[in-house]
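Engineer: My questions are about this predicted structure, shown below with the sequence.
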Amino acid sequence: MSEENQYTTPPPPPPPTASAPPQASDMDQRNWAMFTHLSALTGIFTGGLGFILGPLIMWLIKKDQMPLVNEAGKEAVNFQITMLIALLISFVLMLIVIGIFLAFLVSIFDVVMVIIAAAQTSNGTRYRYPLTIRFIN
């Protein structure tokens, strides 16, 4: 064996291949989906549009990285838009007094459904809100 062959450098490693972005763990996805539902409750502190903006922002941030958050976000935004429409109808009906009672019921229903959706999602169940108009598919 010659001395020259003994000290040659090895070939360079192959270039890295493009791979899909790493998927988040199931627990991370469930947590993000749960917080997407719960973010609607920010509307209690921030006012009317907070109910829609919370889930919308969470959904837009994580929809491409986490399929469960994509689904939960669409569901939460659709539900909050539906609840906003119901509240607007309630405000119109306040002219004949029944709207006050209806607005109270819609608000309670909204909060209860958000909590149920968050609990179901944290357990790994895909939750679909009842009485929801599906604006975003």
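Structural biologist: Great, that's in hand.
Engineer: Tell me who's in contact with residue 11.
Structural biologist: Contacts for residue 11 (C-beta atoms under 8 Å, 6 or more residues apart in numbering) come out as none. For every residue, glycine as well, the C-beta is placed using N, CA and C.
Engineer: tally of neighbours for residue 76?
Structural biologist: 33 (other C-beta atoms under 10 Å).
Engineer: Hmm, it is touching residue 36, no?
Structural biologist: Yes: between residue 76 and residue 36 a contact is recorded at 5.6 Å, counting by C-beta atoms under 8 Å.
Engineer: Give the intersection of the neighbour lists for these two.
Structural biologist: With C-beta under 8 Å, 6+ apart, residue 76 and residue 36 have common neighbours 55, 59.
Engineer: Surely residue 117 and residue 36 touch.
Structural biologist: No: look at residue 117 against residue 36 with C-beta under 8 Å: they stay out of range, at 9.2 Å.
Engineer: Let's verify residue 58: helix, strand, or coil?
Structural biologist: Secondary structure assignment for residue 58 (DSSP: H, G, I helix; E, B strand; the rest coil): helix.
Engineer: Apart from its neighbours in sequence, what residue is nearest it?
Structural biologist: Closest residue to residue 58 apart from its sequence neighbours, by C-beta to C-beta, 6 or more residues apart in numbering: residue 36 at 4.1 Å.
Engineer: Identify the residues contacting that neighbour.
Structural biologist: So residue 36 contacts 55, 58-59, 62, 69, 72-73, 76 (C-beta under 8 Å, 6+ apart).
Engineer: Let me know the helix or strand that it is in.
Structural biologist: helix 26-38 (DSSP states H and E).
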